[in-house]
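Visitor: Give me coordinates for this.
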Amino acid sequence: TGFSFYHPGIDIATGLGMPIHPITKGEVIEASFNIWGLGNLVTVVHENGFKSTYAHMGKIMVQEGDEISETTRLGEVGITGRTTGPHLHLEVRKNGVAQNPTRYLRATLASK
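Guide: Sure, this is the predicted structure:
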């Protein structure tokens with residue numbers, strides 16, 4: 001599922017148990033279960049007012065307060081919350097406003 005007003009992130013279909021890494025370094029500010037459909041999730045705060053959220057995780061491998069880098073394994077792809085199959089739901093916000101994550105994924109991939 002792509003980014004829209006009603007879906008403030010993107011869904012990336014992949015295999016159950018695949019590793020999840022953050023788009024860039026930051027600090028984990030939430031590692032919990034979301035009762036509103038996102039299931040197990042991790043939220044990371046980054047520089048310049050950015051936050052990223054990774055949802056529907058099968059396993060969480062970080063804790064609130066952890067300083068993380070691009071190589072940190074946040075957890076694994078799962079099927080928790082409201083989902084029809086294994087995928088990662090990724091949200092990016094800047095100063096609280098939802099952004100299309102594909103823009104930042106492209107920038108991250110281009111820098112590697």
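Visitor: Enumerate the beta-bridge partners assigned to the most centrally placed residue in the chain.
Guide: Nearest to the geometric centre of the chain sits Tyr54, at 2.0 Å (CA atoms, centre = their mean). In this structure, Tyr54 bridges to Val42, Leu90 when assessed by DSSP bridges.
Visitor: Contact partners for it?
Guide: The contact partners of Tyr54, by CB atoms under 8 Å, 6 or more residues apart in numbering, come to Ile20, Pro22, Leu41, Val42, Thr43, Val44, Leu74, Gly75, Leu88, His89, Leu90. C-betas here are computed from N, CA, C, even on glycine.
Visitor: List just the nearest of those residues to Ile10.
Guide: Closest approach to Ile10 among the contacts of Tyr54 (CB to CB): Leu90, at 5.6 Å.
Visitor: Okay, now the unreliable bits of this protein?
Guide: Along the chain, the model assigns pLDDT under 70 to residues 106-112.
Visitor: Mind jotting down where the helices sit in it?
Guide: Under the criterion DSSP state H, helices of the chain are mapped to 101-110.
Visitor: just the strands in it please.
Guide: 10-13, 19-20, 26-34, 39-45, 50-60, 67-68, 75-77, 87-94, 97-99 (DSSP state E).
Visitor: and these as JSON lines, adding distance to Leu105?
Guide: Shown next, in JSON lines, are the strands of the chain (distance: least, CB to CB, whole Å):
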{"stretch": "strand 10-13", "distance to Leu105": "8"}
{"stretch": "strand 19-20", "distance to Leu105": "13"}
{"stretch": "strand 26-34", "distance to Leu105": "15"}
{"stretch": "strand 39-45", "distance to Leu105": "14"}
{"stretch": "strand 50-60", "distance to Leu105": "10"}
{"stretch": "strand 67-68", "distance to Leu105": "17"}
{"stretch": "strand 75-77", "distance to Leu105": "16"}
{"stretch": "strand 87-94", "distance to Leu105": "8"}
{"stretch": "strand 97-99", "distance to Leu105": "11"}
